[in-house]
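J.: The amino acid sequence is not available; the structure is as follows:
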């Protein structure tokens, strides 16, 4: 369970989910197509997860599988998982998938997410340990947030290992002051 | 506009900032979110009033007004979470700062803080100081375990005659090199006024 203050978790819950209302709702402006402050039963609206989730549990609205988990994505990931651009589909692909899975009644979602992650994880680690940064800008533009974190962790542990072997200054300027150093003038 | 869109701006600001770095406090967006919260609360109350006037039991009736209240309530809670997370994550950076640069806020950071954050920083560093004097231990030194009690440093910023914690004085002219006690040098290095020389 993520912490209440967790920035990433808050952003995951901002992802949009298509819902169909089953009850009428009064006094709110969440249906952009409605002319009054009401929502009619049967209206189809995209809501952020934090709202859709609660309404789904109370049977006010029914969630549908968001577009980023559609059949096409599944097929592409199944064919060549490592070179699919997940970032443009959903920056929080796995986390969002985990939240959605138990609600929309898609039984394959869990194993699908796991196998996608597994294929991609391997490639990310191999790349992070090997070539120079510039060669990876294309790869990096495909990664989700979680994968980027993994990539950076792999790189920084490699850098730390090298630094430890060579030795170097142990004290540094506090990072919170920013990187730039004052010009000598 | 979808509810909670303003609040997520604050959260994105934290997410997009470099890790551990502060951005200027967004007081405008912050107060807009608070105004949005008040609006949700007002809407919530007027829906409750509407039900009461119709003689309905507010706690058990599940009609369209009830669900309207629910949505306003959820939006309020969501906005609150975003506001809290914004403050909490900034406060965390500030707490770390106390350990690194001591009780004085560097100017470039000072201007990024809200009034209450400055106050928080001051109180936190006072609390830390009084704790350290009670246990008679300088906890903020040697954050990196030392290999040698002395280190070689180069001065990056002209500081003139300086009195060191170990009761010596030294003349820190720019580019001069010194052989100092680690404990004396540590503060200046984290402030970026000296650098450690290795070799």
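T.: Noted; the coordinates are in hand. Owing to the predicted nature of the structure, the values given are computational and were not obtained by experimental measurement.

J.: Give me the buried stretch members for the longest helix seen in chain B, please.
T.: Counting residues, the longest helix in chain B under DSSP state H turns out to be helix B:64-101. Buried residues in helix B:64-101, counting neighbours by 16 or more other C-beta atoms under 10 Å in any protein chain shown, are found at B:64-72, B:74-76, B:78-79, B:81-83, B:85-87, B:89-91, B:93-94, B:97-98, B:100-101. Every residue, glycine included, has its C-beta placed from N, CA and C.

J.: What of stretch A:45-52?
T.: Within stretch A:45-52, judged by 16+ other C-beta under 10 Å, the buried ones are A:45, A:47-52.

J.: Turn those into TSV, columns for secondary structure and pLDDT.
T.: Conversion of the buried residues of stretch A:45-52 to TSV gives the following (DSSP: H, G, I helix; E, B strand; the rest coil; pLDDT from 0 to 100):
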residue	secondary structure	pLDDT
A:45	strand	93
A:47	strand	94
A:48	strand	95
A:49	helix	96
A:50	helix	96
A:51	helix	95
A:52	helix	95
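
J.: Can you show me the helices along chain A?
T.: Using DSSP H, the helices of chain A run over A:7-12, A:49-57, A:71-80, A:93-104, A:109-129, A:137-140, A:145-166.

J.: do the same with chain B
T.: Along chain B, the stretches classed as helices by DSSP H are B:5-16, B:27-53, B:64-101, B:107-110, B:115-134, B:182-190.

J.: Now render these as JSON lines, adding distance to chain A and mean pLDDT.
T.: JSON lines is the format used below for the helices of chain B (distance: least, C-beta to the nearest C-beta, whole Å; pLDDT from 0 to 100):
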{"stretch": "helix B:5-16", "distance to chain A": "5", "mean pLDDT": "93"}
{"stretch": "helix B:27-53", "distance to chain A": "5", "mean pLDDT": "95"}
{"stretch": "helix B:64-101", "distance to chain A": "4", "mean pLDDT": "93"}
{"stretch": "helix B:107-110", "distance to chain A": "7", "mean pLDDT": "86"}
{"stretch": "helix B:115-134", "distance to chain A": "12", "mean pLDDT": "92"}
{"stretch": "helix B:182-190", "distance to chain A": "4", "mean pLDDT": "83"}
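
J.: Turn those helices into CSV, columns for distance to residue A:66.
T.: Output for the helices of chain B, formatted as CSV (distance: least, C-beta to C-beta, whole Å):
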stretch, distance to residue A:66
helix B:5-16, 17
helix B:27-53, 25
helix B:64-101, 19
helix B:107-110, 40
helix B:115-134, 37
helix B:182-190, 46
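
J.: helices and strands of chain A: which one bottoms out on pLDDT?
T.: helix A:137-140 (a mean of 76; mean pLDDT, DSSP states H and E).

J.: Quickly check: that one near chain B or not.
T.: No: in this structure, helix A:137-140 remains apart from chain B according to C-beta under 8 Å from any C-beta of the partner chain; the gap is never smaller than 15.7 Å.

J.: same question, stretch A:32-45
T.: Yes: Stretch A:32-45 comes into contact with chain B (C-beta under 8 Å from any C-beta), by way of residue A:38.

J.: contacts for that stretch?
T.: With C-beta atoms under 8 Å, 6 or more residues apart in numbering or on different chains as the test, stretch A:32-45 has contacts from A:18-31, A:61, B:64.

J.: Relative to the whole chain's centre, how far out is the least confident helix or strand of chain A?
T.: Between the mean C-alpha location of helix A:137-140 and the chain-wide mean there is a distance of 16 Å, by C-alpha atoms, centre = their mean, to the nearest Å.

J.: And it, what does it pack against?
T.: The contact analysis (3 or more C-beta pairs under 8 Å, 6 or more residues apart in numbering or on different chains; DSSP states H and E) places helix A:137-140 against helix A:109-129.

J.: Show me what the helix it packs on is packed against.
T.: Under the contact criterion of 3+ C-beta pairs under 8 Å, 6+ apart, the helices and strands touching helix A:109-129 comprise helix A:71-80, helix A:93-104, helix A:137-140, helix A:145-166.
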